[in-house]
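1. Pasted the sequence and its predicted model underneath.
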Amino acid sequence: MSERPWDRPRFKNWIAVARMHALWEQHFGLALAEHDMKVAQFDILANLMHEPSMTQQRLAEKLFVGRSNLSMTLPDLEKRGWLTREGDPDDRRVRRLRLTALGEQKAAAGFAVQLRLLDEMMSVLSDGECNAMGDYTRRMVDFLRRTSPKT
């Protein structure tokens, strides 16, 4: 009988990572809901907090989504008063995204939730294990970036 996928360490451990991510999304989503925010909305705010005035194209690249996905979410965030979309004086085709004061407050609230949950989740690991997990994950991310087909 041939080896079953779930008997292979790489498969079994990858499934564990995928389950952890799915459960994280559930926990994080529920906690953000208390702040009237969804994970996808927080991802946008967090990226704009980190890199103010980025373009919609750059944001889509950072979030690994298409611009069309964002064009459905951004108007809602603008209507809520969390961000503004402004023309770029150097290129009329480009729109720059900026957080408003309310958007910065929402991002800060989301970061507080995220950090609290991460601290709770990661408390089952020592600092060394946590650092090792990060090192392993970054190596896999680097591999995937190097080997990804260019689109």
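-> Sure, I can see it.

2. Output the longest strand belonging to the protein.
-> strand 91-99 (DSSP state E).

3. which residues touch the residue nearest the centre of the chain?
-> Taking C-alpha atoms, centre = their mean, the centroid of the chain lies closest to residue 43, which sits 4.7 Å from it. Residue 43 makes contacts with residue 63, as judged by C-beta atoms under 8 Å, 6 or more residues apart in numbering. Any C-beta I mention is one placed from the backbone N, CA and C, and that applies to glycine too.

4. Let's see the pLDDT reported for it.
-> Note on residue 43: pLDDT of 96.

5. quick one: residue 86 and residue 98 touch, right?
-> Yes: look at residue 86 against residue 98 with C-beta atoms under 8 Å: they come within range, at 6.5 Å.

6. remind me which residues of this structure are low pLDDT?
-> Where the chain drops to pLDDT under 70, the residues are 1, 151.

7. can you pull out the helices in this protein?
-> Here the chain has its helices, by DSSP state H, at 9-33, 39-50, 56-63, 67-79, 101-122, 127-147.

8. how about these in a markdown table, adding distance to residue 93?
-> Listed next are the helices of the chain as a markdown table, based on distance: least, C-beta to C-beta, whole Å:
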| stretch | distance to residue 93 |
| --- | --- |
| helix 9-33 | 33 |
| helix 39-50 | 20 |
| helix 56-63 | 10 |
| helix 67-79 | 12 |
| helix 101-122 | 24 |
| helix 127-147 | 28 |
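
9. now for these, which one comes closest to residue 92?
-> helix 56-63 (14.0 Å; C-beta to C-beta).
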